[in-house]
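**Q** Starting from these lines, generate the structure:
(chains A and B)
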There are 2 protein chains.
Amino acid sequence: MLRLVGRAARCWGARWGPGRAAMQQARLSGAAGSGGWPKDVGVLALEVYFPAQYVEQAELERFDGVEAGKYTQGLGQQQMGFCAAHEDINSLCLTVVQRLVERARLSWDAIGRLEVGTETVVDKSKAVKTVLMQLFRDSGNSDVEGIDTTNACYGGTASLFNAADWVESSAWDGRYAVVVCGDIAVYATGNARPTGGAGAIAMLVGPNAPLALERGLRGTHMEHAYDFYKPDLASEYPVVDGPLSIQCYLRALDRCYATYRRKAESQRQQAGAQRPVTLDDFNFVIFHTPFCKLVQKSVGRLLLNDFLTAPDPDTAAGRYKGLQPFRGVKLEDTYTSKEVEKAFQAASQEIFEQKTKPSLLLSSRNGNMYTPSMYGCLASLLAQSSARDLAGSRIGAFSYGSGLAASMFSFRVSPDAAPGSALDRLVSSLADLPARLDARKHVAPQDFAEIMKRREETHHLADHTPHGSPADLFPGTWYLTRVDDKYRRQYARKPL
Amino acid sequence: MLRLVGRAARCWGARWGPGRAAMQQARLSGAAGSGGWPKDVGVLALEVYFPAQYVEQAELERFDGVEAGKYTQGLGQQQMGFCAAHEDINSLCLTVVQRLVERARLSWDAIGRLEVGTETVVDKSKAVKTVLMQLFRDSGNSDVEGIDTTNACYGGTASLFNAADWVESSAWDGRYAVVVCGDIAVYATGNARPTGGAGAIAMLVGPNAPLALERGLRGTHMEHAYDFYKPDLASEYPVVDGPLSIQCYLRALDRCYATYRRKAESQRQQAGAQRPVTLDDFNFVIFHTPFCKLVQKSVGRLLLNDFLTAPDPDTAAGRYKGLQPFRGVKLEDTYTSKEVEKAFQAASQEIFEQKTKPSLLLSSRNGNMYTPSMYGCLASLLAQSSARDLAGSRIGAFSYGSGLAASMFSFRVSPDAAPGSALDRLVSSLADLPARLDARKHVAPQDFAEIMKRREETHHLADHTPHGSPADLFPGTWYLTRVDDKYRRQYARKPL
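**A** Have a look, this model is predicted:
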């Protein structure tokens, strides 16, 4: 059913982390139930896939007949990647997982867990994870836990937490976990269309990671909301209440930040310190990015939180200068206040430039990828920093999925930036991201609209050969060749 | 949007497990990153929900014009529960979670994780989990990790593994996890329709559990297969290749059992023993149950595995008597062999009666619930045993989801069966299961068929008030009152 082009199933030996003997030892000690958590569980390697074609947002403004700057300034978006009809969620995830395993020189049997966070559902029962098991077939490794997780853009974070928990649990057998996030974000014609995008990210999770998840520091907020959802199962397009979704996002940010800070301050107290946690405690802050402008506002929102909880903020000078009039506002009254938004966005401008802007490369040039969005911000930050810039830093991360599910957590970056270190290898592996974005094919809005229309018409057809040419794909990309009369999907891989 | 009838959000104090002070202590030690796994992580409490109406399979045989015994003998099914149009996956899960929390006298803020395994998708983006957060609203607890997991009937097991991993990880803050499995299994008219069912199960997961998950003992098999899937997103009905699905199920059983045994034997070797692991090591074995007959065959299949791996089985007497002709068969050649099936089903009859049959109560009288199926078997076993029967025993468990994802694992039952013990409370809480099944309303096949037709026609309609009367529901059941023009769903609860 799936034609394996290339021999990715070959074992190059594990380049990342422990060798076979150490893995075996870990398995045995795990099996023996001796307890304990391995050191620095987190992200060892990260791979990004985005489509090989894009549309310019400025051209889209003219094509849609909206005022100039609506998408580029109003949303903060430059370009938008998109898939033709011969790519689906399975092909995106096949591509990024194979890329991760090949580039990390992993053996397929070094993976003991693989799970997928997505909201791009092409089957209500069959998981993308099981489609990915085709990649493992030659290795004979089928003892691979994990399935698909879904809640809008949050699924990748749920998978990452699950994978990290697994590595710390008695179920861990010393092998790696792989977390995959992938989505194709498409909207009906109209206001929301320029907030689309597509892509997939795969992360290798294990101990001794250069990006370690900080223990005990997860602030989560879950709530019932109909801000963005997909109740029309026959359509790829969501139902969106835009203003409500922004309120939900900001409320979740407030709540997660408060819970994160409470936990972090509790840890600090146990260590004998009393200082409150603020934005100063993060060297970088990354966000789920439905569009870049919201993220810029969100940095302001975090500053508002810091300001309101500070016992005695200096409003005569420094970052809070002139903000005295806002001293009495309540968070829940300010979600639609342009005045508050403007004041705190201005006050946080420098923080935004330093701590967050470098993370928006992929979001601004490829668009919203849904579940991979925040991990695309992480990749963008790594791609535009040196290992030395990052070493020893703390990266705050806010993940949001409509409906709603949100968490704030943090990565502690390894202090070891030496050439050949795990951090150096991770950072180096992403250095070509800007060049890869430059290498995409520019498509005119008219052609983009036609391709979207074709996707809409053929989406979910049985007995069907999808339109789209392998020429429009990057080398090594999996693509959909056929959906048979029983809806079974077949794929091929464009040679590397 | 959701009308809370009753005051379930009140705090009765935690009846199960640690009190508030102990939880706080655990949170702090978790936050401090001290490491280590708590003792006996597993299932503390379990609640079952099934519809209040059913159809007789023997009557369905006559109505469908098939030979007598086709469903009752051929499939091993007696009755089938079903939902009218005013129940959906959200209402089922609301009901069972509220029932769990009320009966266990839990406070809503004693729960730190909640996740849902389901393949009954009414929204491609919004998780059932977020709908359930309405139950937590009055408590103010929104820091509740976990979302939905999906792979056919396997989602509940994935959720259980995730929840147990979380309790053993540094992310655990001392609170309980709740795992919810729920599905409405409906098929188009024809051969597969009598294999439907519906229901939901919620499990309270934490340390010091009377049903502890045995550490290091999970044999998993994941594979790409199109045996049963749901590619027509606008329909509730799956696409099924029945013969392929049975082969997939049996192959997964073989593979999971082999991996489980390898891990268990490795543990045994480390303890200085060499004896192979066989069916004798389990006091009870429960299975995912698409229909009861397949489970009876599966016990025979495990015996075949034991027989083929035994170094020198006695075929002159005992359980392997007369099986010598099968000594040279290969597992992979026997999936469709009636001869092998018959011989090993006969040879394993007594084992089936002792170790598995008591677990089929709910499956035979309510049908296949998909994700809750195997946990319904667990509930049935507990409902029909005394704490003393179960104390100290090992329960083998095989979970299967088409597509495919499968695991074999085991519970070790607490040795403490004293009145008031955790085991005694768990067993007692399920004792009314047979009486609850008896209390359902019997519906004639003609009426059942009409209700199914109405479900089919109104499934996924917007701006719609579903048919169905609260009179046909058990007290305390949530039901769907309205789907508005934006597909937003509203629910009410029938008073207790």
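**Q** do you know how far the residue in the stretch 301-450 of chain A positioned nearest to chain B is from A:His224?
**A** Taking C-beta to the nearest C-beta as the measure, the point where the stretch 301-450 of chain A comes nearest chain B is A:Gly403, at 4.0 Å. Every residue, glycine included, has its C-beta placed from N, CA and C. Going from A:Gly403 to A:His224 by C-beta to C-beta, to the nearest Å gives 8 Å.
**Q** which residues are in contact with both of these two?
**A** B:Thr130 (C-beta atoms under 8 Å, 6 or more residues apart in numbering or on different chains).
**Q** Please say which of the two ends up with more neighbours.
**A** Remark: of A:Gly403 and A:His224, A:Gly403 carries more neighbours, 32 against 20, as counted by other C-beta atoms under 10 Å in any protein chain shown.
**Q** need the longest helix for chain A.
**A** helix A:242-270 (DSSP state H).
**Q** Only the buried residues of it, if you could.
**A** For helix A:242-270, burial by neighbour count (16 or more other C-beta atoms under 10 Å in any protein chain shown) applies to A:245-261, A:263-264, A:266-268.
**Q** The stretch 201-350 of chain A: strands as residue ranges?
**A** Ranges of strands in the stretch 201-350 of chain A, per DSSP state E, counting those that start in this stretch, are A:211-222, A:228-229, A:239-240, A:284-287.
**Q** which residue sits closest to A:Met80 in space, ignoring its chain neighbours?
**A** Leaving aside its sequence neighbours, A:Met80 sits nearest to A:Gly367 (C-beta to C-beta, 6 or more residues apart in numbering or on different chains; 4.1 Å).
**Q** How many neighbouring residues does that neighbour have?
**A** 33.
**Q** Is the residue of the stretch 301-450 of chain A closest to chain B located within a helix, as I assumed?
**A** No - per DSSP: H, G, I helix; E, B strand; the rest coil, A:Gly403 lies outside any helix segment and is coil.
**Q** quick one, phi psi at it?
**A** The phi/psi pair for A:Gly403 (degrees, to the nearest 10) reads phi 120, psi -30.
**Q** hmm, back to that, dump the strands of the stretch 201-350 of chain A to a markdown table, plus mean pLDDT, mean neighbour count and distance to chain B.
**A** Below are the strands of the stretch 201-350 of chain A laid out as a markdown table (pLDDT from 0 to 100; neighbours: other C-beta atoms under 10 Å in any protein chain shown; distance: least, C-beta to the nearest C-beta, whole Å):
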| stretch | mean pLDDT | mean neighbour count | distance to chain B |
| --- | --- | --- | --- |
| strand A:211-222 | 98 | 24 | 4 |
| strand A:228-229 | 97 | 26 | 4 |
| strand A:239-240 | 95 | 20 | 6 |
| strand A:284-287 | 98 | 26 | 19 |
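**Q** could you dump the ones you listed to TSV with distance to B:Ala492?
**A** Formatted as TSV, the strands of the stretch 201-350 of chain A follow (distance: least, C-beta to C-beta, whole Å):
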stretch	distance to B:Ala492
strand A:211-222	22
strand A:228-229	21
strand A:239-240	23
strand A:284-287	38
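**Q** looking at those strands, which is closest to B:Glu214?
**A** In terms of C-beta to C-beta, the element of these nearest to B:Glu214 is strand A:211-222, at 26.1 Å.
**Q** so where do the helices sit in the stretch 101-250 of chain A?
**A** A:128-132, A:155-168, A:242-270 (DSSP state H, counting those that start in this stretch).
**Q** Rebuild those helices as TSV, extending it with distance to chain B and mean pLDDT.
**A** Shown next, in TSV, are the helices of the stretch 101-250 of chain A (distance: least, C-beta to the nearest C-beta, whole Å; pLDDT from 0 to 100):
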stretch	distance to chain B	mean pLDDT
helix A:128-132	4	98
helix A:155-168	4	98
helix A:242-270	5	97
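**Q** closest one to B:Trp166 among those helices?
**A** Short answer: helix A:155-168, nearest of the helices of the stretch 101-250 of chain A by C-beta to C-beta, at 4.9 Å.
**Q** any chance of the helices of the stretch 101-250 of chain A in a markdown table, plus distance to B:Val427?
**A** Listed next are the helices of the stretch 101-250 of chain A as a markdown table, based on distance: least, C-beta to C-beta, whole Å:
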| stretch | distance to B:Val427 |
| --- | --- |
| helix A:128-132 | 35 |
| helix A:155-168 | 29 |
| helix A:242-270 | 37 |
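**Q** quick one on the thing from earlier: and the direction of the longest helix of chain A versus that of strand A:211-222, what angle?
**A** Angle of helix A:242-270 versus strand A:211-222, following axes from the mean of the first three to the mean of the last three C-alpha atoms, to 10 degrees, is 120 degrees.
**Q** Get me the contact residues on the stretch 301-450 of chain A for chain B.
**A** Residues of the stretch 301-450 of chain A lying close to chain B by C-beta under 8 Å from any C-beta of the partner chain are A:Gly401, A:Ser402, A:Gly403, A:Leu404, A:Ala405, A:Ser407.
**Q** ok, so of these, who is nearest A:Gly392?
**A** Set against A:Gly392, the nearest of these by C-beta to C-beta is A:Ser407 (23.5 Å).
**Q** How about that closest one: what's its closest non-neighbour residue?
**A** Counting by C-beta to C-beta, 6+ apart, the nearest residue to A:Ser407 once its immediate chain neighbours are dropped is A:Thr220, at 4.6 Å.
**Q** and the gap between the one you found and A:Asp447?
**A** Look at A:Thr220 and A:Asp447: by C-beta to C-beta, they are 42 Å apart.
**Q** what separates the nearest residue to A:Gly196 once chain neighbours are set aside from B:Ser364, distance-wise?
**A** Closest residue in space to A:Gly196, ignoring its immediate chain neighbours: A:Ala185 at 4.7 Å, by C-beta to C-beta, 6+ apart. Distance of A:Ala185 to B:Ser364, computed by C-beta to C-beta: 45 Å.
**Q** roughly how far is stretch A:115-123 from the heart of the chain?
**A** Centroid separation for stretch A:115-123 versus its chain: 14 Å, with C-alpha atoms, centre = their mean, to the nearest Å.
**Q** for stretch A:254-269, same thing?
**A** The answer for stretch A:254-269 is 23 Å, by C-alpha atoms, centre = their mean.
**Q** what does it rub up against?
**A** By C-beta under 8 Å, 6+ apart, the surrounding residues in contact with stretch A:254-269 are A:216-221, A:274-277, A:281, A:301-302, A:305, A:309, A:331, A:396, A:398, A:406-410, B:28, B:31-32, B:142-143.
**Q** Can you tell me how far the residue of chain A positioned farthest from its centre is from A:Gln324?
**A** For chain A, the largest distance from the centre (C-alpha atoms, centre = their mean) belongs to A:Ala316, which lies 39.0 Å off. Distance, A:Ala316 to A:Gln324, by C-beta to C-beta: 8 Å.
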